[in-house]
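Peer 1: Generate a structure from the sequence data that follows.
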Amino acid sequence: PKPLTSLAIIIAATGLAYAPLPGVNQSITIVSGSELQEPLKLLETRFEQQNPSIQINLEFQGSQDIVNNYIDDKNDFEPTILIPANGQLLDELGQRWQAQHSTDPFYETPQPIAKTMLVAISWPERAQALFPGGKFQWQRLEDAVASGSWDKIGGNSAWGSFDFVTTDPTRSNSGQLTMSLWSQSEANSNTLTPGDFGKDNVQTLFGLVKRSVYQPPRSTDVLLQEFITRGPNDADIATVYESIALHRWEQSSATQGQPYQILYLDPTVETVSTAAIVRRDVSGGEAKAARELISFLTAPEQQAVFVQHGFRSMNTKVDLGTVPNSPWSKNIPGAMTDPTGQVSSPPDRSVVEEVVRQWQRAN
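Peer 2: Numbering: from 1, shown residues only. Sure, this is the predicted structure:
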């Protein structure tokens, strides 16, 4: 019968009108530091619901690994966007890429997504014994690492050995920041320079820390999960990002019965997760989809999600305390919206390269 045929034609035509055109669907791959894993997974779903023609694939690596794997083409996928925990790692990537290819590796200037700072975390009793004044000090930490046991530094002898944890500076940004701040304190300098690493006491420090940190984790999130699982008897104090320390705090309470507390370093370093759209094997259409994602991530609604995961927003209109479910409203021991200490930018790449070299040479 004719009406059915024409109905079928109308349905088919309507279907074609609304069906995505071949080639319009884009798939983009983000490689991010592990610290953004949870907010990005949440935001991936939200973005794909709003942009059904764009599919996102997420990969997570240590921030230094992101740079090295991209330069050396070691990934078994093609990245579209790189988001290391520190924008200066993208400067390093740019310099290394231009030295090899004489072209710019990025479509445009990388965009800041979220920021955080380096802090220490410790179990309250341990923190009190280590820093009686309640203020973090590198020298006290160094004495504790050097002595190797609690009873030698005025702690409870039942606590046994003293265990400090940080990530691997050859693979992870937080380990690099830790060793640069510690070296700066050791060198007694306001601004660390590559020359400071020639000092005997700084070189001794690297040997001491490397010997005491057994198999440092490759990324900060892995470190924190291990810290919580191991508990006070196997991990006393660690350096991590404030974001992840705030976000996993409740988990530490559930696992260990008593949660850790946060200690702000002074000075500390602010580190900005920064997104770059790369050129290699990325088409104009993919770059356009990547731009849409980056502009989505920097909008206030998504910045609030980063705040809920302990990050500080890049948008000044987003208030840390008033975002619903903000960790700053949960009375986490030690947490502050405005820490009193000095907050500086990450060290120059020349300093970080020296940190990596010293770590590799130390024994």
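Peer 1: Met314 looks like it's in a strand, true?
Peer 2: No - with DSSP: H, G, I helix; E, B strand; the rest coil as the criterion, Met314 is located in coil rather than a strand.
Peer 1: That one: neighbouring residues, count only.
Peer 2: Neighbouring residues of Met314 were enumerated by other C-beta atoms under 10 Å; the total is 18. (Glycine included, C-beta is placed from N, CA and C.)
Peer 1: Check Val31 too.
Peer 2: By other C-beta under 10 Å, neighbour count at Val31 equals 23.
Peer 1: What separation is there between it and Leu208?
Peer 2: Distance of Val31 to Leu208, computed by C-beta to C-beta, to the nearest Å: 33 Å.
Peer 1: same deal with Asn57?
Peer 2: For Asn57, the distance to Leu208 - C-beta to C-beta - is 41 Å.
Peer 1: and Ser344, what is it in contact with?
Peer 2: 267-270 (C-beta atoms under 8 Å, 6 or more residues apart in numbering).
Peer 1: Contacts only, for Asp348.
Peer 2: Per C-beta under 8 Å, 6+ apart, neighbours of Asp348: Gln88.
Peer 1: Show me where this structure has its helices.
Peer 2: 2-18, 37-50, 63-71, 88-101, 124-130, 138-147, 173-186, 200-212, 220-230, 242-247, 249-256, 284-297, 300-308, 349-361 (DSSP state H).
Peer 1: For my notes, please list the ones you listed in a markdown table and give mean neighbour count, mean pLDDT and distance to Leu118 for each entry.
Peer 2: Converted to a markdown table, the helices of the chain look like this (neighbours: other C-beta atoms under 10 Å; pLDDT from 0 to 100; distance: least, C-beta to C-beta, whole Å):
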| stretch | mean neighbour count | mean pLDDT | distance to Leu118 |
| --- | --- | --- | --- |
| helix 2-18 | 9 | 57 | 50 |
| helix 37-50 | 16 | 96 | 18 |
| helix 63-71 | 22 | 95 | 13 |
| helix 88-101 | 16 | 95 | 14 |
| helix 124-130 | 19 | 96 | 16 |
| helix 138-147 | 17 | 97 | 12 |
| helix 173-186 | 26 | 96 | 5 |
| helix 200-212 | 17 | 97 | 15 |
| helix 220-230 | 21 | 92 | 10 |
| helix 242-247 | 26 | 95 | 8 |
| helix 249-256 | 16 | 86 | 16 |
| helix 284-297 | 18 | 97 | 23 |
| helix 300-308 | 19 | 96 | 17 |
| helix 349-361 | 17 | 95 | 13 |
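Peer 1: Tell me which of those lies nearest to Asn25.
Peer 2: helix 284-297 (9.3 Å; C-beta to C-beta).
Peer 1: tell me the angle the closest one makes with helix 37-50.
Peer 2: 110 degrees (axes from the mean of the first three to the mean of the last three C-alpha atoms, to 10 degrees).
Peer 1: what angle do helix 284-297 and helix 300-308 make?
Peer 2: Going by the same axes, to 10 degrees, helix 284-297 makes 70 degrees with helix 300-308.
Peer 1: from what I can see Asp91 touches Pro346, true?
Peer 2: No - counting by C-beta atoms under 8 Å, Asp91 stays clear of Pro346, with 10.1 Å between them.
Peer 1: Using CSV, please lay out the helices of the chain together with distance to Asp163.
Peer 2: Output for these, formatted as CSV (distance: least, C-beta to C-beta, whole Å):
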stretch, distance to Asp163
helix 2-18, 60
helix 37-50, 25
helix 63-71, 24
helix 88-101, 28
helix 124-130, 10
helix 138-147, 9
helix 173-186, 15
helix 200-212, 8
helix 220-230, 8
helix 242-247, 17
helix 249-256, 14
helix 284-297, 37
helix 300-308, 31
helix 349-361, 19
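Peer 1: Gly341 is nearest to which of these?
Peer 2: Taking the helices of the chain one by one with C-beta to C-beta, helix 173-186 is closest: 11.3 Å.
Peer 1: Tell me how far the closest one lies from the chain's centre.
Peer 2: 15 Å (C-alpha atoms, centre = their mean, to the nearest Å).
Peer 1: Tell me the buried residues in the top strand by length along the chain?
Peer 2: Secondary structure of the chain per DSSP state E: the longest strand is strand 111-122. Within strand 111-122, the residues that qualify as buried are 111, 113-122, counting by 16 or more other C-beta atoms under 10 Å.
Peer 1: just curious, which of those residues is nearest to Tyr260?
Peer 2: Distances from Tyr260 to the buried residues of strand 111-122, taken by C-beta to C-beta, are shortest for Ile121, at 4.5 Å.
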